[in-house]
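**Student:** Got a sequence here, can you build the structure:
(one chain, ligands or ions: 2)
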Amino acid sequence: MKKVIERSMIVPNMHLLVVEAPEIASKVKPGQFVIVRSGDEGERIPLSIADYDTEKGTISIVFMEVGASTAALARLNAGDAVATCVGPLGNATTIDTFGDVLLVGGCYGIGSLYPVAKELKAKGNKVSIVLEARSSYLIYWLNKYVPLVEKVYTITRDGSLGQKGHIGRLPDVIHSMPRKPDRIIVNGCTYLMAHTSEVTKDLDIPVVVNLNPIMIDGTGMCGVCRVTVAGQMKFACVDGPEFDGHDIDWKEFLARRKAYVTEEAMFFRKSDAPAHNEGKCAWHE
Ligand SMILES: Cc1cc2nc3c(=O)[nH]c(=O)nc-3n(C[C@H](O)[C@H](O)[C@H](O)COP(=O)(O)OP(=O)(O)OC[C@H]3O[C@@H](n4cnc5c(N)ncnc54)[C@H](O)[C@@H]3O)c2cc1C
Ligand code: FES
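**Tutor:** Residues are numbered from 1 along each chain as shown. Ligands and ions are numbered 1, 2, ... in the order given. The predicted structure is shown next:
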């Protein structure tokens, strides 16, 4: 059991969960995740660590309410407990002195990129970020990024902030930058990562994604998270979740993420959980 210190909605459908977990906070590195179970009956779901405080012994998670398990987490309040919170899991995001790094974040990825941005800056990189959402009211943590990065770019579907459109506008953003980035790191829904990889194919820039397949144990035992990368089978939980987005078989990946849509839909019919969208990010599709 891990004590919940805070659970609040930061923008519609997106929640911050702060959990007391000193043993995780003391070891975690940017890009790693935890496996969380809201209650004794809950399923195990992977969630990235969006911040941590070694003095207070807490970790922060930003999660989007998309189905049964995230709906259960969204009902927790300070003083409650999560039944399981295991981690840190997965490999950390590769942090080196790359030069100019462009981060691309959408939905929960705006949160999970935050420790990556801090660590990249500490290593002397010039970090910029593109925040992508359907509308300006869905963009959060601008106040945390503005003092940290060279520039914040925004792309909104309705044009209410920054460029109007979706992530297909990314090449325009890149062409408007003073220098071509040496590396792009994308966190967020599958569609954001797949589209970013697609639209950057001809730009000759490495694109690193934090892959989010369905996971069960998160330790390489069940094989559920397998993914084809450069023609080879990998387990995202232990070989990743960081991979080169240009090497991923996205068609297969998207199909595998929909594996349990029928079971999830059955849950929705008998519960008050939010309407299901077949694994697509509610913000994008
Ligand atoms: C390494 C990793 C880090 C992640 N980090 C975050 C994060 O920081 N914040 C966040 O909001 N989401 C994150 N996700 C996605 C998150 O795990 C799913 O949104 C969550 O499991 C959905 O559960 P649900 O029961 O609420 O929804 P469901 O209705 O069960 O599922 C909604 C969709 O989420 C996917 N999903 C379902 N079960 C799992 C599972 N066990 N593992 C992975 N995906 C699943 C499926 O594609 C499904 O269609 C991460 C996933 C991975 C693999
Ligand atoms: S989640 Fe089971 S092998 Fe990766």
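**Student:** is stretch 30-41 up against ligand 1 anywhere?
**Tutor:** Yes: against ligand 1, stretch 30-41 shows contacts by Cβ under 6 Å from any ligand atom at residue 33. C-beta: built from backbone N, CA, C; applies to glycine.
**Student:** Please, which helix or strand holds residue 204?
**Tutor:** Counting by DSSP states H and E, no helix or strand carries residue 204.
**Student:** neighbours around it, how many?
**Tutor:** Using other Cβ atoms under 10 Å, residue 204 is surrounded by 7 other residues.
**Student:** where's residue 77 relative to residue 4, distance?
**Tutor:** Distance of residue 77 to residue 4, given as Cβ to Cβ, to the nearest Å: 7 Å.
**Student:** more neighbours, those two?
**Tutor:** Counted by other Cβ under 10 Å, residue 77 and residue 4 do not tie: residue 4 has more neighbours, with 20 against 9.
**Student:** and that one, what element?
**Tutor:** With DSSP H and E as the test, residue 4 turns up in strand 2-11.
**Student:** Show me the strands paired with that strand, marking each as parallel or antiparallel.
**Tutor:** Sheet pairing for strand 2-11, assigned by DSSP bridges, gives strand 14-20 (antiparallel), strand 81-82 (antiparallel).
**Student:** Deepest-packed of those, please.
**Tutor:** Comparing the strands paired with strand 2-11 on average neighbours per residue, with mean count of other Cβ atoms under 10 Å, the densest one is strand 14-20 at a mean of 21.
**Student:** I'd like the next helix or strand past it.
**Tutor:** Downstream of strand 14-20 (by DSSP H and E), the next one is helix 22-25.
**Student:** list the buried ones in stretch 186-199?
**Tutor:** When burial is assessed from 16 or more other Cβ atoms under 10 Å, stretch 186-199 yields the following buried residues: 186-197, 199.
**Student:** Save those residues as JSON lines, and put in distance to ligand 1 and secondary structure too.
**Tutor:** Output for the buried residues of stretch 186-199, formatted as JSON lines (distance: Cβ to the nearest ligand atom, whole Å; DSSP: H, G, I helix; E, B strand; the rest coil):
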{"residue": "186", "distance to ligand 1": "13", "secondary structure": "strand"}
{"residue": "187", "distance to ligand 1": "8", "secondary structure": "strand"}
{"residue": "188", "distance to ligand 1": "9", "secondary structure": "coil"}
{"residue": "189", "distance to ligand 1": "8", "secondary structure": "coil"}
{"residue": "190", "distance to ligand 1": "8", "secondary structure": "helix"}
{"residue": "191", "distance to ligand 1": "11", "secondary structure": "helix"}
{"residue": "192", "distance to ligand 1": "12", "secondary structure": "helix"}
{"residue": "193", "distance to ligand 1": "11", "secondary structure": "helix"}
{"residue": "194", "distance to ligand 1": "13", "secondary structure": "helix"}
{"residue": "195", "distance to ligand 1": "17", "secondary structure": "helix"}
{"residue": "196", "distance to ligand 1": "17", "secondary structure": "helix"}
{"residue": "197", "distance to ligand 1": "17", "secondary structure": "helix"}
{"residue": "199", "distance to ligand 1": "22", "secondary structure": "helix"}
